[in-house]
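In: Next comes the sequence, and after it the predicted model I'd like to discuss.
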Amino acid sequence: MSVKRRSLALLVAAAVVVPVGLTAVPAEAHSQKRVVGYYTQWSGYDRNFLVSDLVKNGTAAKLTHLNYAFGFLDASGNCISSDPWADYQRPFTAEQSVDGTADVAGQLLSGNLNQLRQLKKKFPKLRISISLGGWTGSKYFSDAALPANRAASVKSCLDMWIKGNLPGAPAGAAKGIFDGVDLDWEWPASEGNPGNVIRPEDKENFTGFVHEYRKQLDRASWPFSGRYTLSAFLPANPAMIDRGFEVPKIFKDLTFGTTQGYDYHGTWEPLTNQQSAIDGPKGDPTTPEFSSQVTIDSYLSRGAPRNKLVMGVPFYSHGWTGVTNQNNGLFQPATGPAPSRFEAGTEDYRDLKAKLAGFTIHRDNLAGFAWLFDGTTFWTWDDPTEMKRKARYISDRNLGGAMIWSLDGDTSSGELITALHRNLR
């Protein structure tokens, strides 16, 4: 994923994203914790990571929730598809599809949504939500959340994604695919992507927006209770939490909230550093401290229920080059972002793993993070060992589970999600 689409909350704050059998397995067969993964709309382009690959690499069997990213809001607050071709128009061959059936001209629904429908048939316990917003899709959230606008905005989004009324498609073509909504407003009362609309009253309006979603989703659930999931992606930065979120109030309406567990540091900063440490490392010259411990404690101290906090983990790395060869490259000045496949300074785990020659893996077992260094290039490094560490931290603190950004970063054998899932208790 482009780092511009990934949450760069800490940048904004000035202190700162082996083929297996295809038999369906219950989503929570191994762990009672939530395992939430983002599948990105653009995964099927350059990355060539299709919905069917979630089956082939064993990921789908290990997920409890899948968030499909992203749907956008327009200037009127209405939900729109940011890529109709990827969402519901692209035809898939039999070899590319989840169920082995090729799409044909004139069928009711194609694209990723049809593949998600097939995925749900194979894994009926998997809950799929439409994720709204993201780094480049949050421009108009502040307008949509205004008291005069929020009911109509929510109605538009539920009509499109829950009732399945897609533009240019037969009525209800996508009905039944999505089991909920994930709100990814980056960020209430804090600018994310330049040009986003922000207001001081976003904090209260986000609470009202969440409540309106809960109310309309519950109405759509009748006569069943709790049929639809409502989640939200939440920032790591404590200052941004206080500026934009009434934590106890929103968690009353959320099924769960996923916390940003990455991008603590990155190539927008001149020094190499960790991007996803569990605790603050000794010798870090930057202040304030950013770590998973700081983030989780911030939400708990502000009233978030422990069992509704789902901690984010990255399936990608940040990297610098021209790094001073001292302290194994950690906390050292760099000349710029490291070269990479899709965007300088950011690399998927599966791609970085393929070019490890010449690098040494270093681990800080006290702070809980790892990095690679070859004398001049430095990469943050979340491998199976670090996923195991994060899973045990989540379990030891009795949190609600783990969230992955993003599923296309894993290997063909699903080694990251396997390590994460296996160690959640």
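Out: Nice, thanks for sending it over. Small disclaimer: the values here were computed from a predicted structure and weren't measured. Numbering: from 1, shown residues only.

In: my read: Ile80 touches Gly71, true?
Out: Yes: counting by Cβ atoms under 8 Å, Gly71 is a contact partner of Ile80 at 7.2 Å. All C-beta atoms are positioned from the backbone trio N, CA, C, and that covers glycine.

In: Those two: who's more crowded?
Out: Neighbours were counted for Ile80 and for Gly71 using other Cβ atoms under 10 Å; Gly71 has more, 25 against 15.

In: List the buried residues for the top helix by length along the chain?
Out: In the chain, assigned by DSSP state H, the helix with the most residues is helix 202-221. Neighbour counts over helix 202-221 (16 or more other Cβ atoms under 10 Å) mark 202-214, 216-218 as buried.

In: Skip the chain neighbours and tell me the closest residue to Pro384.
Out: Ala419 (3.7 Å; Cβ to Cβ, 6 or more residues apart in numbering).

In: wait, I meant Arg199
Out: Distances taken as Cβ to Cβ, 6+ apart place Ser142 nearest to Arg199, at 5.2 Å, with adjacent residues excluded.

In: Quick one: residues contacting the residue lying closest to Phe315 once chain neighbours are set aside.
Out: Spatial nearest neighbour of Phe315, chain neighbours left out: Gly409 (3.2 Å); criterion: Cβ to Cβ, 6+ apart. Residues near Gly409 by Cβ atoms under 8 Å, 6 or more residues apart in numbering: 314-316, 348-350, 416.

In: Low-confidence ranges, the protein, go.
Out: Within the chain, the stretches with pLDDT under 70 are 1-31.

In: what pairs with the longest strand along it, and is each one parallel or antiparallel?
Out: As assigned by DSSP state E, the longest strand anywhere in the chain is strand 65-73. Using DSSP bridges, strand 65-73 pairs in its sheet with strand 34-40 (parallel), strand 79-81 (antiparallel), strand 127-133 (parallel).

In: deepest of those, which one?
Out: strand 34-40 (a mean of 26; mean count of other Cβ atoms under 10 Å).

In: which helices and strands sit right next to the helix or strand that that strand is followed by?
Out: Following strand 34-40 in sequence order, the next helix or strand is helix 51-56 (DSSP states H and E). Judged by 3 or more Cβ pairs under 8 Å, 6 or more residues apart in numbering; DSSP states H and E, helix 51-56 is in contact with helix 111-122.

In: Mind listing what's buried along the helix it packs on?
Out: If you call a residue buried by 16+ other Cβ under 10 Å, then helix 111-122 has these buried ones: 111-120, 122.

In: re earlier: tell me how far the longest helix of the chain lies from the chain's centre.
Out: Centroid separation for helix 202-221 versus its chain: 21 Å, with Cα atoms, centre = their mean, to the nearest Å.

In: Same check on stretch 109-125?
Out: For stretch 109-125, the distance from its own C-alpha centre to the chain's C-alpha centre is 19 Å (Cα atoms, centre = their mean).

In: what's the answer for stretch 351-360, then?
Out: Distance of stretch 351-360 from the chain centroid (Cα atoms, centre = their mean) equals 25 Å.

In: Would you mind listing the outside residues contacting it?
Out: For stretch 351-360, the surrounding residues in contact (Cβ under 8 Å, 6+ apart) are 317, 319, 328, 340-341, 372-374, 377, 379, 381, 383, 411.

In: Among those residues, which one sits closest to Asn57?
Out: Taking Cβ to Cβ as the measure, Asn57 lies nearest Thr411 of the contacts of stretch 351-360, at 7.1 Å.

In: Helix or strand: which one has the nearest residue to the closest one once chain neighbours are set aside?
Out: What sits nearest to Thr411 in space, not counting adjacent residues and going by Cβ to Cβ, 6+ apart, is Arg350, at 4.7 Å. Secondary structure from DSSP H and E places Arg350 in helix 349-353.

In: would you put the C-alpha positions of that helix in CSV?
Out: Coordinates of the C-alpha atoms in helix 349-353 are reproduced here as CSV (Å, rounded to 0.1, in the frame of the first residue of the first chain):
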residue,chain,number,x,y,z
TYR,A,349,7.4,-8.3,4.2
ARG,A,350,7.3,-10.9,1.4
ASP,A,351,9.4,-8.7,-0.9
LEU,A,352,11.9,-7.7,1.8
LYS,A,353,12.4,-11.3,2.9
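
In: The helix or strand following it pairs with which strands?
Out: Using DSSP H and E, the next helix or strand after helix 349-353 towards the C-terminus is strand 360-364. Neighbouring strands of strand 360-364 in its sheet, by DSSP bridges, are strand 369-373 (antiparallel).

In: How far away from the center of its chain is the partner strand?
Out: So, by Cα atoms, centre = their mean, the centroid of strand 369-373 is 22 Å from its chain's centroid.

In: And for stretch 211-225?
Out: With Cα atoms, centre = their mean as the basis, the mean position of stretch 211-225 lies at 24 Å from the chain mean.
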